[in-house]
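**Student:** Got a sequence here, can you build the structure:
(2 chains)
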Amino acid sequence: MGFERFGTVSFTSTSKVDHFVDLLDQGRVSGTRCRKCGKSFFPPRADCFNCFSAEMEWFEITGVGQLISYSTLIYAPTGFEEDLPYTIALVQFSDDLRLFGRLSPEIKAGEIKIGMKLKATPIKLPNGRVSYEFREA
Amino acid sequence: MRQQVAIIGVGQSAFVRGYEGSIRELAFEGYKDAMEDANLTSRDIDASIICSAPEYDRQRTPAGLLTEYLGLNPKPTFYIESVCSSSSMGLRVAYSLIKSGLHDVVLVLGFQKMSEISSADSQERMGRGADIMWESPFGTMMPAYYAMHGRAHSVKYGTKEEDLALIRVKAASYGSMNPKAVYRKEVTLEQVMDSDVVSTPLKRFDCCANADGSSCIIVAKGEKAVQITEKPVWILGLGAASAPLNMTGRDSLTGLSVARDAAREAYEMAGVSPGDIDVAEVHDCFTIAELMAYEDLGFAEPGEGATLIRERQTYAGGKIPVNVDGGLLSKGHPIGATGGSQVRTIVLQLRNEAGPMQIKDARVGLVHNIGGVGIYGNVTILGRG
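**Tutor:** Numbering: from 1, shown residues only, chains lettered A, B, ... in the order given. Below is the predicted model:
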């Protein structure tokens, strides 16, 4: 167990990368990198499809990314009504490293621009839950 | 090549909200329509492929239940799932079963009774057609993903919300002519623009209608097809592709790579190009999805999709009529039944039996059917004999 604390509602109880949640607790948003072939992954994964290695190391997503696109939800699926309105986003950190998540509610609707610079920041949610959000860099 | 596998019968139920019956009766409606169209009995069917998205039903392994109810035992049956493109994938498998020589006549039945669950629950379940570990915990749903594509397209190419609204106006004008459509009213540009925002920039009228429905396609080996019917419609090309389910695996949100990849394969197999298509059915689960399809299928250059709809080139009489049956937007989108219903529309067009929606002298038609947010793509090209 470990992954059930991720996000507003988690649909996964456990995986081999549950350590991602411990790292969020410690204030780090992280991906995994294959020790054998060097390929980096986000979302983090336990297995490298490139060279079949299971030897992964964690690395922190520290850089500044650019907003690829976003949408603000006015209606929510079951279980997320209390969070409305919220903005989901895809952010590019490097050629093959992109993160999916929510924009910080601190960013006002009129300030959101495709291409804007963002960083991934761990956040604490009620009831001991954890997540990350994108804040202005 | 061109006359090896044919569609010899097509059928569908009316697409409705809140079907008053169980999935077995719903499936029977599409089945009966296709079997009567082909003038066959259950003894003529060598194998059946049942297609749907399973999360709506309490019934486990629906192929077992439905083939019993349809009278298709003891012939083999199995289940195919690729969410919204399930029945197009079923058609692809039927083609391969026939081409391999295993079977001569294969039935593809798609169904979905979406009203088994509430609309919010449905959004939550459809949202789980994304990555449940890394995306769903943020509260995603299908309209929001397509809305992200709409936003990306508008920022890169200047596509306007009014352009998307025009696609809905077109869908509604044809939906009003289609007796099988769930939404049979015309809508105005103002109605679309004034409708409630669901997920920016998409509004309620940019989204397709959930519906209950079934569709059925009967496929046969060429030699057999010409014995059974005088109006076979030939499968000229089939293309299929996949793409990462998680948006982090996509390098662009202005189109769907599965559609481009599947289209390339289908055009090559059929030996035709986009300009040869007389009528098309595209997967307009959202207005932006139809606009992207114009570009992904080569009906317009990237970024030029809006011009097609502004000039009404995708209406009947235009350069490339698209979704002249109301599309998913107005005809409705009962997930597993959708691909089969799109195929039915094109088959009726190629047989010159599409009534008020008929495109004059349609000889080659195309079906574009997408599963999830571009996870699966199927493009099928059909031609009349």
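**Student:** Got the phi and psi for the residue in chain A that chain B sits nearest to?
**Tutor:** Of all residues in chain A, A:G7 sits closest to chain B, at 2.3 Å by CB to the nearest CB. In short, each C-beta sits where N, CA and C put it, glycine included. Main-chain dihedrals, A:G7, degrees, to the nearest 10: phi 80, psi -180.
**Student:** excluding its backbone neighbours, what's nearest it?
**Tutor:** Taking CB to CB, 6 or more residues apart in numbering or on different chains as the measure, A:G7 lies nearest to B:P137, with 2.3 Å between them; neighbours along the chain are not counted.
**Student:** which residues does the one you found contact?
**Tutor:** Residues near B:P137 by CB atoms under 8 Å, 6 or more residues apart in numbering or on different chains: A:F6, A:G7, A:T8, A:V9, A:S10, A:F11, A:S131.
**Student:** make it 10 Å
**Tutor:** Contacts here follow CB atoms under 10 Å, 6 or more residues apart in numbering or on different chains; on that basis B:P137 touches A:3-12, A:79-80, A:101-102, A:129, A:131, B:131.
**Student:** ok, back up a step: A:F100 is in contact with the residue of chain A closest to chain B, correct?
**Tutor:** No - taking CB atoms under 10 Å as the definition, A:G7 is not a contact partner of A:F100, at 11.2 Å.
**Student:** overlap in contacts of those two?
**Tutor:** Between them, A:G7 and A:F100 have B:W134, B:E135, B:F138 as joint contacts when contacts are counted by CB under 10 Å, 6+ apart.
**Student:** restrict these to those near chain A?
**Tutor:** Near chain A, taking CB under 10 Å from any CB of the partner chain as the test, the members of the shared contacts of A:G7 and A:F100 found are B:W134, B:E135, B:F138.
**Student:** the helices in the stretch 201-350 of chain B, which residues?
**Tutor:** B:222-228, B:257-270, B:287-296, B:305-310, B:327-331, B:338-350 (DSSP state H, counting those that start in this stretch).
**Student:** which of these is buried the deepest?
**Tutor:** The highest average neighbour count among the helices of the stretch 201-350 of chain B, using mean count of other CB atoms under 10 Å in any protein chain shown, belongs to helix B:327-331 at a mean of 31.
**Student:** Quick one: name the residues of the stretch 201-350 of chain B near chain A.
**Tutor:** Taking CB under 10 Å from any CB as the measure of proximity, the stretch 201-350 of chain B contacts chain A at B:201-204, B:246-254.
**Student:** can we see that at 6 Å?
**Tutor:** B:M247, B:T248, B:L253 (CB under 6 Å from any CB of the partner chain).
**Student:** who's in contact with the residue nearest to B:I228 when sequence neighbours are not counted?
**Tutor:** Taking CB to CB, 6+ apart as the measure, B:I228 lies nearest to B:I8, with 5.2 Å between them; neighbours along the chain are not counted. For B:I8, the contacting residues are B:A38, B:I218, B:A220, B:A225, B:I228, B:T229, B:P232, taking CB atoms under 6 Å, 6 or more residues apart in numbering or on different chains as the criterion.
**Student:** Out of the residues you listed, name the ones that lie in strands.
**Tutor:** In this view, the contacts of B:I8 that belong to strands under DSSP state E are B:I218, B:A220.
**Student:** how close does the closest residue to A:K124 other than its chain neighbours get to B:S173?
**Tutor:** Once flanking residues are discounted, A:K124 sits nearest to A:V130: 5.8 Å by CB to CB, 6+ apart. Counting by CB to CB, to the nearest Å, the gap from A:V130 to B:S173 is 50 Å.
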